[in-house]
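> show me how the following folds:
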Amino acid sequence: MHIFDIIGPVMIGPSSSHTAGAAKIGYVTRKLLGERPVQAEILLHGSFSATGSGHGTDRAIVAGLLGYKPDDERLPNSFAEAEKAGLSFQLTHGVIRNAHPNTAKIHVIGENGNELEVVGASIGGGRIKICEIDGICTNFSGEYNTIIVHNMDTPGHVAQVTTTLAQKNVNIATMQLYRNTQGGYAVMILECDDIIPKNTLEWLQDLDGIIKVTSYNVEEEV
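Numbers count the residues shown, from 1 in each chain. Next comes the predicted model:
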């Protein structure tokens, strides 16, 4: 057990789940987008919707999208900071079927036109789970350097990705595979111990059957 599982994360309060976790969901979404977001649609579900305004959930998610971490002193003023940064956003409340009570769905558009939809849940103590990416079910924490490969469900793609990472001396901590149907659309998620080089993404993106490659390195700013 990590010490922060007991005392909670370093953060701007008031809530580790509704504030720190929410900021982390926004932050990971920005990382996955890979560029500065300029437009965001944020849907709050369950407890995020019911009590999020009082706990600063809305401001925390926007802060995360701006690249602020949960302990950033600018978090309470994120709406004003978003206006200065050129990030327009819309906040709505709704229901996400079978979702954790502390869940947000975020659709973002980046400055270069890239789009991404993320469903993330805050599961306590500032920890999060990314539950969906672009409609595909996932399950990862955002605590590791991560590469996400969207591809057609045909043979060879897993071997290509893992071989490429091995050649770059990137050690894989966990790997998850998802698909919507046999032979259809698939996603592989690899959490890694080492920094993922950008030229790895560029090489993978050019392979036949690869639809999109996204990634982030935990300590790398976007």
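> and after the helix or strand hosting H150, which helix or strand comes next?
Assigned by DSSP states H and E, H150 belongs to strand 145-152. Next along the chain after strand 145-152, taking DSSP H and E as the criterion, comes helix 157-167.
> would you map the helices across the protein?
For the chain, the helices defined by DSSP state H occupy 4-7, 21-33, 46-55, 57-65, 78-85, 157-167, 198-205.
> what's the closest non-adjacent residue to E191?
Spatial nearest neighbour of E191, chain neighbours left out: Y144 (3.7 Å); criterion: CB to CB, 6 or more residues apart in numbering. Bear in mind the C-beta positions are built from the backbone N, C-alpha and C, glycine included.
> related to what we said a few turns ago, which parts of the strand holding H150 are buried?
Buried residues in strand 145-152, defined by neighbour count with 16 or more other CB atoms under 10 Å: N145, T146, I147, I148, V149, H150, N151.
> likewise stretch 43-51?
Under 16+ other CB under 10 Å, the buried positions of stretch 43-51 are L43, L44, H45, G46, S47, F48, S49.
> repeat for stretch 130-145
Buried-residue list, stretch 130-145, by 16+ other CB under 10 Å: I130, C131, E132, I133, D134, I136, T138, F140, G142, Y144, N145.
> ok, stretch 66-81 next?
L66, G67, Y68, K69, P70, D72, L75, P76, S78, E81.
> quick one: least confident of the buried residues of stretch 130-145?
pLDDT across those is lowest for I136, at 84.
> run through the bridge partners of that residue.
Bridge pairing for I136 (DSSP bridges) gives the partners I133.
> how about the one 10 residues further on?
Under the criterion DSSP bridges, T146 forms beta bridges with E191, Y216.
> residues in contact with stretch 188-206?
Stretch 188-206 is contacted from outside by 138, 140-141, 143-149, 151, 157-158, 160-162, 164-165, 168-178, 210, 212-213, 215, 217, 220, using CB atoms under 8 Å, 6 or more residues apart in numbering.
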